[in-house]
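J.: return a 3D structure for these sequence lines:
(one chain, ligands or ions: 1)
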Amino acid sequence: MRYVDQPHPSLRSAIGEAGAAIAQGREPPSSAFDIIRDLAAGALQSATVSGVPAILEFEGIDQIVGTIAWAALDLLRGDELSRLKQCPPDDCQWLFIDRTKNLSRRWCDMATCGNRAKKHAHRHGA
Ligand SMILES: [Zn+2]
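T.: This next block holds a predicted model:
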């Protein structure tokens, strides 16, 4: 999951805080949940709901903020939460969903962080 391009810094950090806590087996801070809830609720208030199954269409900036806040809520309530992981390097720490059968994925991206860690381990004789 990459939230790099979304324009709401407090939403981004709230999702990052909650996700990192969950990935590390800690209780997520309720302040992070509050931010996600408030932004999702605000977006929903001006959204259009139509169709079967229902589709949410957000207005203006909420097309981004609302979509991300609701995606975060769906993730936080959903079955895939147990697959949420955080990439280990200090300068990465991206959150991702491990969809491998045996939950063996360690890196956000094998081509970048995975290879970098391998090279590092190799150089240090590990
Ligand atoms: Zn990474």
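
J.: for residue 23, give me its contacts.
T.: Counting by Cβ atoms under 8 Å, 6 or more residues apart in numbering, residue 23 touches 84-86, 95. For the C-beta atoms, the positions are set from N, CA and C on the backbone; glycine is no exception.

J.: switch to 10 Å and redo it
T.: Applying Cβ atoms under 10 Å, 6 or more residues apart in numbering, one finds that residue 23 lies in contact with 81, 83-87, 93, 95-96, 98.

J.: residue 26: which of those is nearest?
T.: residue 86 (11.2 Å; Cβ to Cβ).

J.: wait, that closest one sits on residue 96?
T.: Yes. Assessed by Cβ atoms under 10 Å, residue 86 is found in contact with residue 96 at 7.8 Å.

J.: any common contacting residues for the two?
T.: 19, 23, 108.

J.: near the ion, which residues of the chain are found?
T.: Counting by Cβ under 5 Å from the ion, the chain comes close to the ion at 87, 92, 108, 113.

J.: show me how to select, in PyMOL, the buried members of these.
T.: Buried members of those, defined by 16 or more other Cβ atoms under 10 Å, are picked up in PyMOL with:
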select buried, resi 87+108+113
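
J.: the residues of the chain next to the ion in helices, which ones?
T.: In helices, judged by DSSP state H, none of the residues of the chain next to the ion are found.

J.: export the residues of the chain next to the ion to TSV and tack on pLDDT and distance to residue 102?
T.: Formatted as TSV, the residues of the chain next to the ion follow (pLDDT from 0 to 100; distance: Cβ to Cβ, whole Å):
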residue	pLDDT	distance to residue 102
87	94	18
92	92	23
108	94	18
113	94	20
